[in-house]
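Engineer: coordinates only, sequence not included:
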């Protein structure tokens, strides 16, 4: 899939901001997650499930995804982070599945393999190693089934030997650029592991937003409100976007704003995305 030279993302689509991980071997927790207000629920069959409970988790997830309620048009989208090909084969054709999240992807060939096994299922590769970061664009552009990419920061930290959070900024920036070059949505931030430190979560979200990310994965419902507030545009940003869009309605091409600044079509498109996000509030 070649990169598009012009902005191709819809200006009026409200993207999801909160993505809640839940362990696949705890159906009661999954049920609560579906009512938590998260934009997307990610059922985890990988790290969150002990080896001896993998088969049970897969069976419980299959039951969930086969439920007509889960497959309803207005239902919360359910993604599944798979542990291996057995999960893909067991779940790919179930009506309640919205997407697969693929852990520890390092090469585009792995994406092609899953796309062949699960045709038509949206895929979200997770980049969790130095090798994956080096191949970020080839993974992002590997197949039309790829709908987004993201980092798996716990494994990436270990692989890189990173101690401070700032040590991941290069990798975060790399996936932002790769996603944009492949005409994908901005990557979603990885989870913030301390569910009690909401101030730290807010600060971390602000950093991710500054780097070009949009939205964040969570591991507890109490994190959802902080993530959403952190990623929604401020009142000043909304006001500025409204001025730009209003000016574009009466003049085409490069625009001169009342304060003397000139803006072009790319700035107008960005303003429309800001207003689309603001419509969530």
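Structural biologist: Great, that's in hand. Because the structure is a prediction, the values reported are computed rather than measured. Numbers count the residues shown, from 1 in each chain.
Engineer: Next, residue 71: secondary structure please.
Structural biologist: coil (DSSP: H, G, I helix; E, B strand; the rest coil).
Engineer: for the closest residue to it other than its chain neighbours, what are its contacts?
Structural biologist: Sequence neighbours aside, residue 95 is the residue nearest to residue 71 in space, at 3.7 Å (criterion: CB to CB, 6 or more residues apart in numbering). The C-beta positions use only the backbone N, C-alpha and C, and glycine is treated the same way. The contact partners of residue 95, taken as CB atoms under 8 Å, 6 or more residues apart in numbering, are 65, 66, 68, 70, 71.
Engineer: that's a helix at the third one, yeah?
Structural biologist: No - the secondary structure assignment for residue 68 gives coil rather than a helix, going by three-state DSSP.
Engineer: what's near enough to touch it?
Structural biologist: So residue 68 contacts residue 95 (CB under 8 Å, 6+ apart).
Engineer: Would you mind measuring from it to residue 278?
Structural biologist: Per CB to CB, to the nearest Å, residue 68 is found 34 Å from residue 278.
Engineer: And residue 50, by the same measure?
Structural biologist: Distance from residue 50 to residue 278, by CB to CB: 42 Å.
Engineer: cool, residue 52 as well?
Structural biologist: Residue 52 is 47 Å from residue 278, by CB to CB.
Engineer: which of the two has more neighbours?
Structural biologist: residue 278 (18 against 8; other CB atoms under 10 Å).
Engineer: how long is stretch 148-164 end to end?
Structural biologist: With CA to CA, to the nearest Å as the measure, stretch 148-164 spans 26 Å from end to end.
Engineer: and what of stretch 42-57?
Structural biologist: For stretch 42-57, by CA to CA, the gap between its terminal residues amounts to 13 Å.
Engineer: Show me which residues of that stretch are buried.
Structural biologist: 42, 43, 44, 45, 46, 48, 49, 53, 54, 57 (16 or more other CB atoms under 10 Å).
Engineer: Residue 90: which of those is nearest?
Structural biologist: Set against residue 90, the nearest of those by CB to CB is residue 45 (9.8 Å).
Engineer: got a list of what the closest one touches?
Structural biologist: Counting by CB under 8 Å, 6+ apart, residue 45 touches 24, 54, 57, 58, 61, 80, 81, 82, 83, 87.
Engineer: Out of the residues you listed, list just those in strands.
Structural biologist: In this view, the contacts of residue 45 that belong to strands under DSSP state E are 80, 81.
Engineer: I'd like the contacts of residue 45 laid out as a markdown table, including distance to residue 150 and pLDDT.
Structural biologist: A markdown table is the format used below for those (distance: CB to CB, whole Å; pLDDT from 0 to 100):
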| residue | distance to residue 150 | pLDDT |
| --- | --- | --- |
| 24 | 19 | 98 |
| 54 | 23 | 97 |
| 57 | 21 | 98 |
| 58 | 22 | 98 |
| 61 | 20 | 98 |
| 80 | 15 | 98 |
| 81 | 11 | 98 |
| 82 | 15 | 98 |
| 83 | 17 | 97 |
| 87 | 18 | 98 |
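Engineer: Can I get the buried part of the contacts of residue 45 as one ChimeraX selection?
Structural biologist: Those of these that count as buried under 16+ other CB under 10 Å are selected in ChimeraX with:
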select :24,54,57,58,61,80,81,82,83,87
